[in-house]
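A.B. asks: fold the following.
(one chain, ligands or ions: 1)
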Amino acid sequence: SINASFGMALISGTYASIIQALGASTRVFDLMDRESLLPHDGVLAPDTTETGVSVELRDVHFAYPGVPDRPVLNGLSLNVPAGTCAAIVGASGAGKSTIAALVQYYYAPIKGQVFVAGVPVGEIQHEHLHSLIGVVSQEPVLFARSIRSNARFASPDATDEDIWRALEQANVADFVRDLEKGLDTWVGERGIKLSGGQKQRIAIARAVLMNPQVLLLDEATSALDAESEQLVNDALDAMMSGRNRTSIVIAHRLSTIQDADSVAVVSEGVVAEQDTHDNLMKIPDGVYANLMRRQLAGLGASTDDLPKLAQQ
Ligand code: ATP
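C.D. replies: I've put the predicted structure just below:
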């Protein structure tokens, strides 16, 4: 799922600047193809400053281009009211990242519709759509540029003061402060090499600065050591709890699942169940309840095995 995850790795911004930043990467072509899907002259979503932004997938059918006979979503419906947090769980390959890609309109459904703030995504002007949605992915993309320009990538007007505040909230300010060149430190090729957790926290700072009304989050942090994981998780928790923020989280932590307003279980191309963790656990023969019970009985309080169990 390289295409989808790469798209998700980008925090909004204009496609032109992304393409510029990427230079001659082959992925540029994916992005250019993708851009054609997004209308420049679309409508703006209604003013959502006070209400927040709802996200809804309604009876969505989807297969990736080129593989029409391998449907990924088969009439999936998911409703995430404004200001709430939905945790998405399901087996590897169930289609969780695909849902996030469709919300960003990187692909159009074959049938059914995706609404953001009540407006079909395909009708929303693309800069506007992407100014509403912030993404923190499993493999964040940082550019071979300074930490400053990476952080303010989606918020070009941010001042250094804003950036420091965001770095603080993302638990990475101490690290940057200790660097000789601070915000001017170059990262990536010809710059310093960052650990997975440092990269991820700079990507979180980017999302914090953007302060998006919708947050799409993949919280898998399997590549991180325990200390780094704690710093990342704390930063993510702070982000999700932002006022009026609507979050869709591909959840890997039990605490996220328990705190979420709803948990959506994706299986066989549909949302098989969607409710709070507590209510789902009460369904006598529920998919979720069965998986969780087996897991909690034998494997401790991590949900990382949920996908594996679901495949058996
Ligand atoms: P994981 O938990 O492993 O990240 P997921 O639930 O997020 O999995 P998706 O990445 O949405 O699953 O993938 C759903 C299905 O679509 C998989 O069978 C995957 O192989 C396929 N797929 C994903 N991206 C593409 C693509 N760009 N082109 C073709 N098939 C794809």
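A.B. asks: hey, let's count contacts and neighbours off CA atoms from now on
C.D. replies: Noted.
A.B. asks: element containing Asp162?
C.D. replies: Using DSSP states H and E, Asp162 falls within helix 160-169.
A.B. asks: dump stretch 164-171 to PDB, restricted to CA.
C.D. replies: Output in PDB follows, covering the C-alpha atoms of stretch 164-171 (Å, rounded to 0.1, in the frame of the first residue of the first chain):
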ATOM      1  CA  TRP A 164       8.700  26.000  19.500                       C
ATOM      2  CA  ARG A 165       5.300  25.700  21.100                       C
ATOM      3  CA  ALA A 166       4.400  22.900  18.700                       C
ATOM      4  CA  LEU A 167       7.800  21.200  19.300                       C
ATOM      5  CA  GLU A 168       7.100  21.400  23.000                       C
ATOM      6  CA  GLN A 169       3.700  19.800  22.600                       C
ATOM      7  CA  ALA A 170       5.100  17.100  20.400                       C
ATOM      8  CA  ASN A 171       7.800  16.300  23.100                       C
END
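A.B. asks: and the contacts of it?
C.D. replies: For stretch 164-171, the external contacting residues (C-alpha atoms under 8 Å, 6 or more residues apart in numbering) are 173-174, 201-202, 204-206, 208-209, 231-232, 235-236, 238.
A.B. asks: can you select the buried ones among the residues you listed for me in PyMOL?
C.D. replies: To isolate the buried ones among those in PyMOL, judged by 16 or more other C-alpha atoms under 10 Å, type:
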select buried, resi 173+201+202+204+205+206+208+209+231+232+235+236
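A.B. asks: nearest to Lys193 among the contacts of stretch 164-171?
C.D. replies: Lys193 has its nearest neighbour among these in Ile202, at 12.9 Å by C-alpha to C-alpha.
A.B. asks: so who does that closest one touch?
C.D. replies: 147, 150-151, 167, 170, 172.
A.B. asks: what about 10 Å?
C.D. replies: 140-142, 147-148, 150-151, 166-167, 170-173, 176, 194, 208, 232 (C-alpha atoms under 10 Å, 6 or more residues apart in numbering).
A.B. asks: just confirm it is within a helix.
C.D. replies: Yes - if the criterion is DSSP: H, G, I helix; E, B strand; the rest coil, then Ile202 is within a helix.
A.B. asks: quick check: it vs the ligand, distance?
C.D. replies: Relative to the ligand, Ile202 is positioned 22 Å away (C-alpha to the nearest ligand atom, to the nearest Å).
A.B. asks: ditto for Ser54
C.D. replies: If you go by C-alpha to the nearest ligand atom, the gap between Ser54 and the ligand works out to 21 Å.
A.B. asks: relative to Gly134, how far out is that residue?
C.D. replies: 14 Å (C-alpha to C-alpha, to the nearest Å).
A.B. asks: neighbour count for these two, which is higher?
C.D. replies: Gly134 (29 against 22; other C-alpha atoms under 10 Å).
A.B. asks: my guess is the more buried one meets Ala205, correct?
C.D. replies: No - judged on C-alpha atoms under 10 Å, Gly134 makes no contact with Ala205 at a distance of 11.1 Å.
A.B. asks: overlap in contacts of those two?
C.D. replies: Asn211.
A.B. asks: go ahead and confirm Thr107 touches Gly122.
C.D. replies: Just so we're on the same page, residue 107 is Tyr rather than Thr. Yes - counting by C-alpha under 10 Å, Tyr107 does reach Gly122; the two are 9.4 Å apart.
A.B. asks: those two: which has the busier surroundings?
C.D. replies: When neighbours are counted by other C-alpha under 10 Å, Tyr107 and Gly122 differ, and Gly122 comes out ahead with 25 against 20.
A.B. asks: so Leu129 sits in a strand?
C.D. replies: No - applying three-state DSSP, one finds Leu129 to be helix, outside a strand.
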